[in-house]
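Novice: Here you go, sequence then predicted model.
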Amino acid sequence: MKPKLRSIWVFHLNTGSCNGCDIEIIDVLTPFYDVERFGIKLVGSPRHAHALLVSGPLTRQAYYSAKETIKAMPPQPRVIVAIGTCACSGGIFYNGYPIYRRPESGRKSCEYPRKGGINELLEDLKEEGEPIGPVIYIPGCPPRPEEIIYGIAQLIGLVEKRLSYQEYSDDTMKFRLPEGPIEERIRLTLRERLRHLVGYLDRERILEDFMKLVEQVEKSENPREELARLVKDYAAKCGDVRLAFCMALLENEYWRVRDALDAGKEFVYWI
């Protein structure tokens with residue numbers, strides 16, 4: 001049995017966060033919480049650190065520097081502490097265009113989610129043979145200083161875990177979630193596809209306008225040609241190339257999803 005750490009030196013690394021979690025980390029180091037009383041000390045170089053405090057969803061720009069930072073740490077114990085929901089799972093930036101996407105094999109399509117989170121980098125390091133120590137996940141947006149202290153206290157053995165790890169698979173599950181209405185599935189897929197281009201308020205408005213055009217062509221003899229004409233007219237009236245691009249994208253995505261559903265094939269969901 002490995003001995004528990006009684007004191008650890010930590011290095012703080014931002015991999016693209018909004019600074020919300022970083023402020024809470026700084027708060028932990030202030031005299032009010034005085035985390036140094038537990039033997040936890042912030043150091044200025046990863047070469048001196050036992051643990052790495054990571055915040056942010058891991059952007060493409062931060063990936064390589066984060067990778068070199070972890071490699072610079074001593075091989076043992078090399079603890080990773082993911083602070084905040086973004087570092088744990090990508091958070092609200094899940095599948096966002098600036099997020100690092102790990103090359104995966106066996107995919108039927110080139111379009112697959114950019115998951116985000118430090119786990120994407122750790123998987124790459126493990127494949128390269130780099131040793132990785134325990135990984136502690138402290139979710140929250142942002143997590144409170146007390147939660148950060150509690151997570152690190154588990155690392156140094158001051159408290160015990162209250163929850164145990166459980167994994168579920170299709171073999172153990174006795175039920176399946178029912179399939180939703182086809183129109184609603186299409187709508188949700190289009191909405192998430194549009195999320196990469198525009199904000200929340202504009203996204204809902206543009207999607208509502210597009211779905212109204214779809215309703216107009218449902219009983220048409222040539223729905224593809226009719227929808228293409230309506231989308232073209234919409235773009236001409238609005239006079240905004242950005243809206244025109246969004247409507248054209250929704251049109252192509254709509255027929256891709258519709259054709260896949262009609263043929264009974266699987267297609268890539270954007271949710």
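Specialist: Alright, I've got the coordinates.
Novice: Confirm for me that Ile152 is in contact with Val35.
Specialist: Yes. Assessed by CB atoms under 8 Å, Ile152 is found in contact with Val35 at 7.5 Å. Backbone N, C-alpha and C define where each C-beta goes, glycine included.
Novice: Which of those two has more residues huddled nearby?
Specialist: Neighbour count, other CB atoms under 10 Å: between Ile152 and Val35, Ile152 has more, with 25 against 20.
Novice: Please identify the buried residues of the helix or strand hosting the more buried one?
Specialist: Ile152 is located in helix 145-155, with elements delineated by DSSP states H and E. The neighbour-count check on helix 145-155 (16 or more other CB atoms under 10 Å) flags 145, 147-149, 151-152, 154-155 as buried.
Novice: Chain neighbours aside, what residue packs nearest to Asp22?
Specialist: Ser55 (5.5 Å; CB to CB, 6 or more residues apart in numbering).
Novice: likewise Arg102?
Specialist: Distances taken as CB to CB, 6+ apart put Glu120 closest to Arg102, at 4.6 Å, once the chain neighbours are dropped.
Novice: Just to check, that neighbour is in contact with Pro103?
Specialist: No. Judged on CB under 8 Å, Glu120 makes no contact with Pro103 at a distance of 10.3 Å.
Novice: helices or strands up against the top helix by length along the chain?
Specialist: The longest helix of the chain (DSSP state H) is helix 241-262. If you count contacts as 3 or more CB pairs under 8 Å, 6 or more residues apart in numbering; DSSP states H and E, helix 241-262 packs onto helix 182-194, helix 200-217, helix 223-238.
Novice: hang on, the earlier thing: could I have the CA atoms of the helix holding Ile152 written out in PDB?
Specialist: Below are the C-alpha coordinates for helix 145-155, written out as PDB (Å, rounded to 0.1, in the frame of the first residue of the first chain):
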ATOM      1  CA  PRO A 145     -13.100  27.200  -1.900                       C
ATOM      2  CA  GLU A 146     -14.400  24.700   0.600                       C
ATOM      3  CA  GLU A 147     -15.000  22.100  -2.200                       C
ATOM      4  CA  ILE A 148     -11.500  22.600  -3.500                       C
ATOM      5  CA  ILE A 149     -10.000  22.100   0.000                       C
ATOM      6  CA  TYR A 150     -12.100  19.000   0.500                       C
ATOM      7  CA  GLY A 151     -11.000  17.500  -2.800                       C
ATOM      8  CA  ILE A 152      -7.300  18.100  -2.000                       C
ATOM      9  CA  ALA A 153      -7.800  16.900   1.600                       C
ATOM     10  CA  GLN A 154      -8.800  13.500   0.100                       C
ATOM     11  CA  LEU A 155      -5.500  13.400  -1.700                       C
END
